[in-house]
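> Return atomic coordinates for the entry below.
(2 chains)
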Amino acid sequence: MSETLAGAAIECRDVTVRFSSDRGSVTALENVSLTLMEGGFLTLLGPSGCGKSTLLRVIADIVQPVAGAVSVLGQPPAGARRDRQIGFVFQDAALLPWRNALDNVRLPLEVGGRRGLPAGSPGPEALLDLVGLSGWEKALPHELSGGMRQRVAIARALLGGPRILLMDEPFGALDEITRDRLNEELLRIWRDTGTTIVFVTHSIYEAAFLGQHVLMLAARPGRVRELVPVDLPEPRHLSVRETPRFVALAAHLRAVLETC
Amino acid sequence: MSVTIASASPRDAGPAAGDDLDAAWHATQRRLRLRRRIMPLAGGAGLLFIWWALIAVFHVRPFIAPSPEVVAVTVYQKFGILMANLLPTAIEAVCGFLLGNLTAIVIATAFVHRKTLEEAFFPIAVLINSIPVVAKAPILILLLGNGLAPKIAIAAIVCFFPTLVNMVRGLEAVSPQAMELMHVLSASKREIFVKLRLPTSVPYLFSALKIAASTSVVGAIVGEWIGSQEGIGALIIQATYNFDSALLYATVLCGSCFSVLFFLTIRLIERVAVSWQPDTGH
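Here you go, the predicted model:
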């Protein structure tokens, strides 16, 4: 790894990922580069098959690139993963159904050689409170709604205070009302915790509302189409989506998406 | 569901009306529950009556088939003999159940950890499983002699295969996202096994254990057929040779009752062990 930018949380340079299957190899990502500064909020937008989830998995050390360099907080992704600097939220909440909400949030303390939290970092109860689930500690996953399950998953990902939060279409399966509410709350959590967030979505509105930048990816092979800065007033509320600036931004994203 | 709707909309109906709806709903549920209990009993009584009627109408001779009341009397009169013979069968079935299932769980664990083992031995396990019990039993009798051991072995083998197959499936039924989560958390293989694979497999294990509870009794009885002086299987053979149909039926009844009891015990343990699963209605 050559010189890394000071203050960069994530740097990818010419990352290429190939998967081999029975029908030969598929190039999921080709020469993807991106730089995300610490504390930033980046959304990844693109049609299905553009490799946005794969890119997230490269950053989390779940998928290994065949070429290119990835640096997470100045070290290889595996190092950042072992240091517990990465929290991951999956599309389905991936809660363990035999554990109640609190025990699900606590899971990161029971594996990977961890016992106890870093000093000053909020505990499981405080994090459930942060995501608006105090009083639901003892509830089992099947007793919670889809939105509540995602809240638990977010609390679990935040345990131990990771500096980077990777979210893979976390609200994709939720109804619009729940999704809107969680979008607003996610921005509040982002402001409160200062965590760097990369958020994969296939919703133009979600991408524009949440991100400081929207990285648009094109499909087959997955590659960067355009990095769109989002110039909206902070802190954002849902009503920002009715402003002319937001409408123009969404129209632009839609136009680019059609060429992806 | 309708409870919450009824009681959560006092504006529409008023609290009193909501309570009335609640009461009516609970009454309906109680009636349905009672019905579910009573209908099988009624069905059983009907079949008993048909049995009794057939014997009476066609004058079936007692050594061909007994009438139900004769069986009931035999159970009462020969209760001592029945229980004395049930005991060894029960011991064989339970020991075989424990041995067979424990072995299956251990081997399934080995299979999941060493894919090579699974590739080498799983097809052979399936092959052995396709040999009928009655064919395997004489081989084991020759190998293990005439005591409890061969019967326990047969019961164990009968339990072993369904549990092995289900346990392997259960240990591998982990969602890909849960595995990715464990990877992001840098969990070790052992932690993944204990915290993720094992709990995931428990419902699969219990569906196999419920089958095994009944089949272990069948295994023990088949073992006793081939060479034994005591046990439910031996008593069945004896009663058949003596044309003592009443004792035969009483013995079969005794064996089935134990089988059902064993099954219900396992189901009770299952209820406790997988209480986290949403009710699926069975």
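> gap between the residue lying closest to B:L248 once chain neighbours are set aside and chain A?
Spatially, and ignoring its direct neighbours in sequence, B:L248 is nearest to B:A239 (3.9 Å; Cβ to Cβ, 6 or more residues apart in numbering or on different chains). C-beta coordinates here come from the backbone N, C-alpha and C atoms, glycine included. B:A239 is 48 Å from chain A, where distance means Cβ to the nearest Cβ, to the nearest Å.
> Number of residues surrounding residue 102?
Just going to use chain A. Look at A:L102: counted by other Cβ atoms under 10 Å in any protein chain shown, it has 19 neighbours.
> Wait, chain B was what I had in mind.
What B:L102 shows, counting by other Cβ under 10 Å, is a neighbour count of 14.
> On the three-state scheme, A:S33 is what?
strand (DSSP: H, G, I helix; E, B strand; the rest coil).
> Give me the spatial nearest neighbour of it, chain neighbours excluded.
Leaving aside its sequence neighbours, A:S33 sits nearest to A:R13 (Cβ to Cβ, 6+ apart; 5.1 Å).
> ok, the most centrally placed residue in chain A - contacts?
Residue closest to the average C-alpha location in chain A (Cα atoms, centre = their mean): A:M167, at 2.3 Å. Contacts here follow Cβ atoms under 8 Å, 6 or more residues apart in numbering or on different chains; on that basis A:M167 touches A:L56, A:F88, A:V89, A:A157, A:I197, A:V198, A:F199, A:V200.
> Residue 176: neighbouring residues, count only.
Here I'm looking at chain A. Counted with other Cβ under 10 Å, A:E176 comes out at 10.
> if you could check chain B rather than the one you did, that'd help
9.
> So B:L148 is in contact with B:A93, correct?
No. Contact between B:L148 and B:A93 fails when scored by Cβ atoms under 8 Å: they sit 11.0 Å apart.
> The two - which one has more neighbours?
Using other Cβ under 10 Å as the criterion, B:L148 and B:A93 rank with B:A93 on top: 34 against 18.
> Next one: that one relative to chain A, how far apart?
30 Å.
> could you check whether stretch A:183-197 is close to chain B?
No. Stretch A:183-197 lies apart from chain B when judged by Cβ under 8 Å from any Cβ of the partner chain; the minimum separation is 15.0 Å.
> outside of that stretch, which residues touch it?
A:9-10, A:36-42, A:87, A:130-132, A:154, A:158, A:161-167, A:171, A:199, A:206, A:209-210, A:235-238.
> Among these, which lie within strands?
Mapping the contacts of stretch A:183-197 onto strands (DSSP state E) picks out A:A9, A:I10, A:L36, A:M37, A:F41, A:L42, A:G87, A:I164, A:L165, A:L166, A:M167, A:F199.
> I'd like those residues laid out as a markdown table, including pLDDT.
Formatted as a markdown table, these follow (pLDDT from 0 to 100):
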| residue | pLDDT |
| --- | --- |
| A:A9 | 92 |
| A:I10 | 93 |
| A:L36 | 94 |
| A:M37 | 93 |
| A:F41 | 95 |
| A:L42 | 96 |
| A:G87 | 94 |
| A:I164 | 94 |
| A:L165 | 95 |
| A:L166 | 96 |
| A:M167 | 96 |
| A:F199 | 96 |
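> Turn these into TSV, columns for distance to B:A250.
Listed next are these as TSV, based on distance: Cβ to Cβ, whole Å:
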residue	distance to B:A250
A:A9	78
A:I10	76
A:L36	79
A:M37	83
A:F41	77
A:L42	77
A:G87	66
A:I164	72
A:L165	69
A:L166	68
A:M167	67
A:F199	71
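> Looking at these, which is nearest B:W25?
Proximity to B:W25 was ranked across the ones in strands among the contacts of stretch A:183-197 by Cβ to Cβ; first place goes to A:M167, at 42.0 Å.
> so can I have TSV of the contacts of A:M167 showing neighbour count?
Putting the contacts of A:M167 into TSV (neighbours: other Cβ atoms under 10 Å in any protein chain shown) gives the following:
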residue	neighbour count
A:L56	22
A:F88	27
A:V89	26
A:A157	25
A:I197	25
A:V198	26
A:F199	27
A:V200	28
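> and the longest helix seen in chain B, what other elements does it pack with?
Secondary structure assigned by DSSP state H gives helix B:10-57 as the longest helix of chain B. Where contact means 3 or more Cβ pairs under 8 Å, 6 or more residues apart in numbering or on different chains; DSSP states H and E, helix B:10-57 is packed against helix B:2-8, helix B:68-77.
> Pull up the residues of the stretch 101-250 of chain B that are close to chain A.
So the stretch 101-250 of chain B meets chain A at B:175, B:177-178, B:180-188, B:191-192, B:195-196, B:199, B:202 (Cβ under 8 Å from any Cβ).
> If we use 6 Å, what do you get?
B:Q177, B:A178, B:E180, B:L181, B:H183, B:V184, B:L185, B:S186, B:A187, B:E191, B:P199 (Cβ under 6 Å from any Cβ of the partner chain).
> what about stretch A:110-117, how long is it end to end?
End-to-end distance of stretch A:110-117 (Cα to Cα, to the nearest Å): 11 Å.
> Need the contact partners of that stretch.
A:G160, B:L185, B:S186, B:A187, B:E191 (Cβ atoms under 6 Å, 6 or more residues apart in numbering or on different chains).
> residues near the closest residue to the third one other than its chain neighbours, how many?
Excluding the flanking residues, the one nearest B:S186 by Cβ to Cβ, 6+ apart is A:G112, at 3.8 Å. Here the count is done by other Cβ under 10 Å, and A:G112 has 18 residues near it.
> Is A:M37 in contact with A:E11, as I believe?
No. Assessed by Cβ atoms under 6 Å, A:M37 is found out of contact with A:E11, at 10.0 Å.
> Give me the more crowded residue out of those two.
Higher neighbour count among A:M37 and A:E11: A:E11, with 20 against 16, using other Cβ under 10 Å.
> nearest spatial neighbour of that one, skipping sequence neighbours?
In space, and not counting its chain neighbours, A:E11 is closest to A:S71: 4.4 Å by Cβ to Cβ, 6+ apart.
> so which helix or strand takes in that neighbour?
strand A:67-72 (DSSP states H and E).
> So what's the model's average confidence on that strand?
In this model, strand A:67-72 carries a mean pLDDT of 93.
> now the next helix or strand after that strand, how far from the chain's geometric center?
Remark: after strand A:67-72, the chain's next helix or strand is helix A:77-82, criterion DSSP H and E. Put simply, helix A:77-82 sits 16 Å off its chain's centre (Cα atoms, centre = their mean, to the nearest Å).
> buried residues in helix A:77-82?
A:P77, A:A80, A:R81 (16 or more other Cβ atoms under 10 Å in any protein chain shown).
> okay, those in CSV with distance to B:S216 next?
Converted to CSV, the buried residues of helix A:77-82 look like this (distance: Cβ to Cβ, whole Å):
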residue, distance to B:S216
A:P77, 51
A:A80, 52
A:R81, 46
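> Tell me the one among these nearest to chain B.
Nearest to chain B among the buried residues of helix A:77-82 is A:R81, at 6.0 Å by Cβ to the nearest Cβ.
> which regions of the chain lie under the pLDDT threshold?
Chain wasn't specified; assuming chain A. A:1-6 (pLDDT under 70).
> right idea, wrong chain: chain B
For chain B, the ranges with pLDDT under 70 are B:1-18, B:279-282.
> how is it carved up into domains?
B:17-59, B:68-273 (automatic domain parsing).
> Just name the most buried of those.
domain B:68-273 (a mean of 18; mean count of other Cβ atoms under 10 Å in any protein chain shown).
> sorry, back to before: nearest to A:C50, out of the domains of chain B?
Once the domains of chain B are compared by Cβ to Cβ, domain B:68-273 is nearest, at 19.5 Å.
> Output the longest helix belonging to chain A.
Max-length helix for chain A by DSSP H is helix A:176-193.
> hang on, the earlier thing: where's the residue nearest to B:S186, which helix or strand?
A:G112 belongs to no helix or strand, assigned by DSSP H and E.
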